[in-house]
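Asks: no sequence for this one, just the structure:
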Ligand SMILES: Cc1cc2nc3c(=O)[nH]c(=O)nc-3n(C[C@H](O)[C@H](O)[C@H](O)COP(=O)(O)OP(=O)(O)OC[C@H]3O[C@@H](n4cnc5c(N)ncnc54)[C@H](O)[C@@H]3O)c2cc1C
């Protein structure tokens, strides 16, 4: 075993006949996806061995904001007075999570989202039935519901009835820690689940018939093999911390100042699945946030690109804005504000230039002569009538920018905070089966969470990652436990 694994290479092992440990289902990674896979497999009566490379577990899930994208008419949505149903939720996700998101996963998730809410609640994850009016970021209060995407912004507000779906566990600020505390507490009292910490899966074991039957694990300088009698679930996170992999597959993300994820996000789960014959999908996709608000009032400014032109409605979710700014505008963007609109953004963007007129500001920014002047003239003319015929920003954020001086907050990728994590990963079906390039399952192999390509092909709304990780993690664990071998 050690020879094969020399250098820490991820891959496959054949011809293994002795095992140091055995379980019905082996789960790799104790984040939200792995925790939910383990709990679901145990609920099916399987003995589960959960391998976690760090000492504590929790993964990126525990560091996160904790927002879970749930909808279709959850009790929290209803109590807060928002109407939603599975078809409405699917319509939003199909439009927002593109291009070409996984329709089967989206429809299935929208259909079962209320059930998933109840399942999380049954694991003691608390969601308060109270709405917070801020958007995008987890609330500073313990309110349970926010708009966490662009549901109430153009064009999505015309495609589906706007409904907030960001469900936040009841802890002020980032609540991913609470979510994982509750899931790990469940695991601790599940006699069927054994957690091995400081245990890193480094290769998958393949039987002669091609079935995945276990993993080679590195712990305390030693390597040993564990057997998965029914199935093995890869839930080892994404690859944002693997610079070479990001450079190869998603190079635009390397330009982001902040690449968010724990050190386990090194792509090992994806590489293990690929080595076993699994196909990977959309490895170029990423969540890219440009948090130019809060404060919410900054949405009354206008975002312009390097040509001095607007490119988006500024009331869109800042994850959508970040994607558009980086991927479509080459990371060149300025938020133009006037004296009345100007506030310091929470994310601390610096003032790039100030001008007593649009012409002066345009000159200071090095924008083409006349460009910003024309943009502001057109914007102000319509905003004074409460209209935005170009990008359809909502009336509440429309105000002519006429109170001098004008300022430009620097939202260029070289200076502002762009925060990214990867969305691409292994190709899986609704039961978390890892599929090969011809859509055939790799026998015995399952995956969930950021090790897979999930609900968002791009077009991320906050909460989708914990949502598909936890939900499809459950399905992967249950399907692995149900395998008959
Ligand atoms: C600051 C921040 C805020 C965020 N906010 C939100 C939010 O509000 N809502 C949302 O949906 N998403 C959010 N995200 C993204 C989200 O947290 C992650 O995408 C999600 O938690 C991934 O879950 P996972 O189970 O796939 O992976 P993880 O939670 O990272 O779990 C993977 C686990 O596998 C372990 N592991 C890795 N490789 C191996 C190996 N070879 N062997 C054994 N173990 C291994 C890791 O140590 C880790 O514990 C946020 C991320 C950050 C950083």
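Replies: Perfect, thanks for sending it. Note that the coordinates shown come from a computational prediction; the quantities given were computed from them, not determined experimentally.

Asks: make it CA atoms for all contacts and neighbour counts henceforth
Replies: OK.

Asks: what are the bridge partners for the nearest residue in space to residue 21 that is not next to it in sequence, then?
Replies: Among residues not flanking residue 21 along the chain, residue 226 sits closest, at 4.8 Å (CA to CA, 6 or more residues apart in numbering). Per DSSP bridges, the residues bridged to residue 226 are residue 21, residue 215.

Asks: thought residue 226 was touching residue 214?
Replies: Yes: under the criterion of CA atoms under 8 Å, residue 226 is in contact with residue 214, at a separation of 5.5 Å.

Asks: Which positions in the stretch 301-450 of the chain make contact with the ligand?
Replies: Taking CA under 6 Å from any ligand atom as the contact definition, the stretch 301-450 of the chain meets the ligand at 449-450.

Asks: Going by proximity to the ligand, name the top residue of the stretch 301-450 of the chain.
Replies: Ranking the residues of the stretch 301-450 of the chain by distance to the ligand (CA to the nearest ligand atom) places residue 449 first, at 3.4 Å.

Asks: residues near that residue, how many?
Replies: Using other CA atoms under 10 Å, residue 449 has 32 other residues around it.

Asks: Now it: closest residue in space, sequence neighbours ignored.
Replies: residue 469 (3.7 Å).

Asks: In three-state terms, label that neighbour for me.
Replies: Taking DSSP: H, G, I helix; E, B strand; the rest coil as the rule, one finds residue 469 in the helix state.

Asks: Could you check how far it is from residue 237?
Replies: 9 Å (CA to CA, to the nearest Å).

Asks: got the end-to-end distance for stretch 304-313?
Replies: Using CA to CA, the two ends of stretch 304-313 sit 11 Å apart.

Asks: what's it in contact with?
Replies: Outside stretch 304-313, the residues within contact range by CA atoms under 8 Å, 6 or more residues apart in numbering are 153-154, 302-303, 321, 324-325, 329, 332-336, 362, 367-368, 371-372, 375, 391-393.

Asks: Going through the residues you listed, which ones are buried?
Replies: Among the contacts of stretch 304-313, those buried by neighbour count (16 or more other CA atoms under 10 Å) are 153-154, 302-303, 321, 324-325, 329, 332-336, 362, 367, 371-372, 375, 391-393.

Asks: What's the local residue count around residue 17?
Replies: 8.

Asks: and residue 391, what is it in contact with?
Replies: Here residue 391 is in contact with 154, 311-313 (criterion: CA under 8 Å, 6+ apart).

Asks: burial measure for the residue nearest to residue 21, as a count.
Replies: 23.

Asks: Same check on residue 58?
Replies: For residue 58, using other CA under 10 Å, the count is 25.

Asks: Ramachandran angles for residue 422?
Replies: Per-residue torsions, residue 422: phi -80, psi 150 (degrees, to the nearest 10).

Asks: from what I can see it touches residue 241, true?
Replies: No: between residue 422 and residue 241 there is no contact under CA under 8 Å: 9.5 Å.

Asks: Roughly how far does the closest residue to residue 419 other than its chain neighbours sit from residue 12?
Replies: Nearest residue to residue 419 in three dimensions, chain neighbours excluded: residue 258, at 4.6 Å (CA to CA, 6+ apart). Per CA to CA, residue 258 is found 33 Å from residue 12.

Asks: Which one of these two is surrounded by more residues?
Replies: residue 12 (22 against 17).

Asks: Can you verify the more buried one is assigned to a helix?
Replies: No: Residue 12: not assigned to a helix; according to three-state DSSP it is strand.

Asks: If it is in a bridge, with which residues?
Replies: Residue 12 has these beta-bridge partners by DSSP bridges: residue 204.

Asks: dump the residue contacts of it.
Replies: 203-206, 272, 275-276.

Asks: got the phi/psi numbers for residue 378?
Replies: According to degrees, to the nearest 10, residue 378 has phi -70, psi -50.

Asks: Distance check, it against residue 70.
Replies: Separation of residue 378 from residue 70 (CA to CA) stands at 39 Å.

Asks: One more: residue 363?
Replies: Going from residue 363 to residue 70 by CA to CA gives 46 Å.

Asks: do the same with residue 92
Replies: In this view, residue 92 and residue 70 are 12 Å apart by CA to CA.

Asks: Give me the more crowded residue out of these two.
Replies: A count of neighbours by other CA under 10 Å puts residue 70 above the other of residue 92 and residue 70, at 29 against 23.

Asks: where's residue 162 relative to residue 101, distance?
Replies: From residue 162 to residue 101 the distance is 20 Å (CA to CA).

Asks: Of residue 422 and residue 241, give the one with the bigger neighbour count.
Replies: Per other CA under 10 Å, whichever of residue 422 and residue 241 has more neighbours is residue 422, with 31 against 19.

Asks: Can you tell me the closest non-neighbouring residue to that one?
Replies: Closest to residue 422 by CA to CA, 6+ apart is residue 286, at 4.3 Å.

Asks: Just the element for residue 455, please.
Replies: Secondary structure assignment for residue 455, by DSSP states H and E: no helix or strand.

Asks: For the ligand, see how far away it is.
Replies: Residue 455 sits 11 Å away from the ligand, taking CA to the nearest ligand atom, to the nearest Å as the criterion.

Asks: ok, now which ones touch the residue lying farthest from the centre of the chain?
Replies: The centre of the chain is farthest from one residue, residue 356, which by CA atoms, centre = their mean lies 41.1 Å away. For residue 356, the contacting residues are 404-406, by CA under 8 Å, 6+ apart.

Asks: now residue 92
Replies: The contact partners of residue 92, by CA under 8 Å, 6+ apart, come to 151, 156, 159-160.

Asks: do residue 485 as well
Replies: For residue 485, counting by CA under 8 Å, 6+ apart, the contacting residues are 229-230.

Asks: Same check on residue 99?
Replies: Neighbour list for residue 99: 457-459 [criterion: CA under 8 Å, 6+ apart].

Asks: and if you look at residue 67?
Replies: Counted by CA under 8 Å, 6+ apart, residue 67 has contacts 138, 166-169, 175-176, 462-463, 466.

Asks: rerun at 10 Å
Replies: Contacts for residue 67 (CA atoms under 10 Å, 6 or more residues apart in numbering) come out as 136-139, 144-146, 148, 165-169, 174-176, 179, 462-467.

Asks: Which ones among these map onto strands?
Replies: Under the assignment DSSP state E, the contacts of residue 67 contribute 145-146, 166-167 to strands.

Asks: Generate a ChimeraX selection restricted to the buried entries among those.
Replies: In ChimeraX syntax, the buried subset of the ones in strands among the contacts of residue 67 is picked out as below (16+ other CA under 10 Å):
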select :145,146,166,167
